[in-house]
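Chemist: need a structure here:
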Amino acid sequence: MKPTHSHLAWHETLELHELVAAQSITLIKLKKAYPTIQDPILKTIYRQTIDALAQNIMELLQFYPLTPKTDLDGDVLRDEASAAAAGELLGLAKTSIKNYAGAISETATPSLRKVFIKHLNGAIDIHFKIFNYLYERNLYPAYNLNQLLQNDVDVANNALSQPFLNAKKVSAPIACLLPRSDS
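Modeler: This next block holds a predicted model:
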């Protein structure tokens, strides 16, 4: 049976959001680091990774017009520098939580398991703090899907438009994929 909906499912929309957000932040970081890389082999790997991430993001952004829309909307002014810095911490916390949870499931030594659990709880606490920081400042609109997805598009386009030296030119960013409520 073929799906008959004209939009993505909610769960795949959220997976799309996570992938675009994480890859966009990573792309910005790699482009900033690229000029400082001296080793030619490592520089080539960085360039290949940057090109691959840019391609991934452009391909994923094509699905944003198919995301479900809600009645909640509204333009919010964002402190982009704080949002980016906090987003990095949120990503680190998420990665730490996943890594420690996996490590705990593989641990046979009780004393090491105890330390892993302590570290997992610390990562969960950091995640809670940074999520609340973002949410309270309207930097992570967790309950406004339209704004959350528009933020993804904005950050992704910013990442795609960031220059880096000696790089292969990628296509122009995909502008305004999500319809704004004021249009």
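Chemist: quick one, what contacts the spatially most central residue of the chain?
Modeler: Centroid check for the chain by Cα atoms, centre = their mean gives residue 21 as the closest residue, at 1.8 Å. With contact taken as Cβ atoms under 8 Å, 6 or more residues apart in numbering, residue 21 is in contact with 87, 152, 155. In short, each C-beta sits where N, CA and C put it, glycine included.
Chemist: any idea how far residue 19 is from residue 61?
Modeler: Applying Cβ to Cβ, to the nearest Å, the value for residue 19 to residue 61 is 11 Å.
Chemist: who's more crowded, those two?
Modeler: Taking other Cβ atoms under 10 Å, residue 19 and residue 61 do not tie; residue 61 has more neighbours (22 against 14).
Chemist: related to what we said a few turns ago, output the contacts of residue 21 as JSON lines; include the columns secondary structure, distance to residue 30 and neighbour count.
Modeler: Formatted as JSON lines, these follow (DSSP: H, G, I helix; E, B strand; the rest coil; distance: Cβ to Cβ, whole Å; neighbours: other Cβ atoms under 10 Å):
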{"residue": "87", "secondary structure": "helix", "distance to residue 30": "15", "neighbour count": "22"}
{"residue": "152", "secondary structure": "helix", "distance to residue 30": "18", "neighbour count": "24"}
{"residue": "155", "secondary structure": "helix", "distance to residue 30": "14", "neighbour count": "23"}
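Chemist: For those residues, could you give me TSV that also reports pLDDT and distance to residue 109?
Modeler: As requested, those are exported to TSV (pLDDT from 0 to 100; distance: Cβ to Cβ, whole Å):
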residue	pLDDT	distance to residue 109
87	84	35
152	88	41
155	87	41
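Chemist: can you give me the strands for this protein?
Modeler: Secondary structure of the chain (DSSP state E): no strands present.
Chemist: Tell me where the model's unsure across it.
Modeler: Along the chain, the parts satisfying pLDDT under 70 run over 1-4, 71-78, 165-183.
Chemist: neighbours of the residue lying closest to residue 19 once chain neighbours are set aside, just the number please.
Modeler: For residue 19, ignoring the flanking residues on the chain, the nearest one in space by Cβ to Cβ, 6 or more residues apart in numbering is residue 60 at 6.1 Å. Using other Cβ under 10 Å, residue 60 has 18 neighbouring residues.
Chemist: which residues does residue 60 contact?
Modeler: Here residue 60 is in contact with 16, 19-20, 23, 156 (Cβ under 8 Å, 6+ apart).
Chemist: What about these, which one has the most neighbours?
Modeler: Busiest of the contacts of residue 60 [other Cβ under 10 Å] is residue 156, holding 27 neighbours.
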